[in-house]
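In: coordinates for the following, if possible.
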Amino acid sequence: MIPWLPEECIFPPLDAALTAPNGLLAAGGDLSATRILAAYRQGIFPWFSSGEPILWWSPDPRMVLFPSEFKLRRSLAKTLRNAAYEVRLDTAFPSVITACAGVPREGQAGTWITDEMRHAYGELHRMGYAHSVETWIDGELAGGLYGIAIGQAFYGESMFSLRRDASKIALAHLCEYLKRRGFGIIDCQMETRHLASLGARPIPRREFAARLARLCAGGDPPARWPADACRQCFTPG
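Out: Purely as a prediction, here's the structure:
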């Protein structure tokens, strides 16, 4: 059994999470900005399907990507250098989250990015916490990702790609941008082979929570990221 959350933004200790399913910690509550931000700072995130109560998770181990460990494959490096694309930040957040919800994924029926979730993260974007990284090709949004930045920790939520490598381009630029700004970690939440191929790896939940306690304490205040901040991340040639 898992507890039902009270009205206050209080969560059970992380070690109370179930092992099967891995990381299920609590249910209920709401998707207010206050509650979501409190959850992320502790290493907890909401994940549920339409028709279910809000479910809160903190899996052990936790899949993370350290920005300096991003695996830049030779083929992707060539793509990044040819400059036949443009990466923008925070110019099309609603379109990115809608695309993440709508693009079919292997082994998944439907989406966990419900209307309720889109509204909640849209509010976090307006507050300066949620950000989109967008790959534009031929003037069209071709792929990207979105997530939450608190202090110097970035919590990746979802990514999509309509053109070859478009989401990887966005992630590569995000890693470079975060390195320049002193970010220490990208939370990838669940372990997948795709994330592992990009350099992500699992770490113990206790270590993850300890890192968050340090990283979330500092950093710039929430604000919209400069749209062209990734223009010089990779040099054409």
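In: L37 contacts A153, correct?
Out: No: L37 lies out of contact with A153 (CB atoms under 8 Å); the separation is 11.6 Å. Any C-beta I mention is one placed from the backbone N, CA and C, and that applies to glycine too.
In: quick one, which of the two is more surrounded?
Out: Here L37 and A153 are compared on neighbour count by other CB atoms under 10 Å; more neighbours surround A153, at 28 against 18.
In: show me which residues of stretch 221-230 are buried.
Out: Burial within stretch 221-230, assessed by neighbour count using 16 or more other CB atoms under 10 Å, is assigned to P222, W225, A229, C230.
In: ok, now stretch 137-145?
Out: For stretch 137-145, the neighbour count (16+ other CB under 10 Å) marks I137, L141, A142, G143, G144, L145 as buried.
In: distance of the first one relative to V87?
Out: When you say that, I think you mean I137. Here the distance between I137 and V87 works out to 10 Å (CB to CB, to the nearest Å).
In: next one: T98
Out: For T98, the distance to V87 under the criterion CB to CB works out to 19 Å.
In: looking at these two, which is more packed in?
Out: Set side by side, T98 and V87 give different neighbour counts by other CB under 10 Å, the larger being at V87 (26 against 14).
In: break down this structure into its strands, ranges please.
Out: Using DSSP state E, the strands found in the chain span residues 24-27, 45-46, 55-57, 62-65, 86-89, 130-137, 140-150, 153-161, 185-189, 201-203.
In: and of these, who's closest to A209?
Out: Nearest of those to A209, taken as CB to CB: strand 62-65 at 8.6 Å.
In: closest to A33 out of the buried residues of stretch 221-230?
Out: Using CB to CB, the shortest approach to A33 within these belongs to P222, at 10.3 Å.
In: hmm, R126 and the closest one touching each other?
Out: No: with contacts counted by CB under 8 Å, P222 stays clear of R126, the gap being 10.1 Å.
In: reformat the strands of the chain as TSV; add distance to P12 and mean pLDDT.
Out: Compiled in TSV, the strands of the chain are given as follows (distance: least, CB to CB, whole Å; pLDDT from 0 to 100):
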stretch	distance to P12	mean pLDDT
strand 24-27	6	98
strand 45-46	14	98
strand 55-57	9	98
strand 62-65	17	98
strand 86-89	35	97
strand 130-137	25	98
strand 140-150	20	98
strand 153-161	20	96
strand 185-189	18	97
strand 201-203	21	97
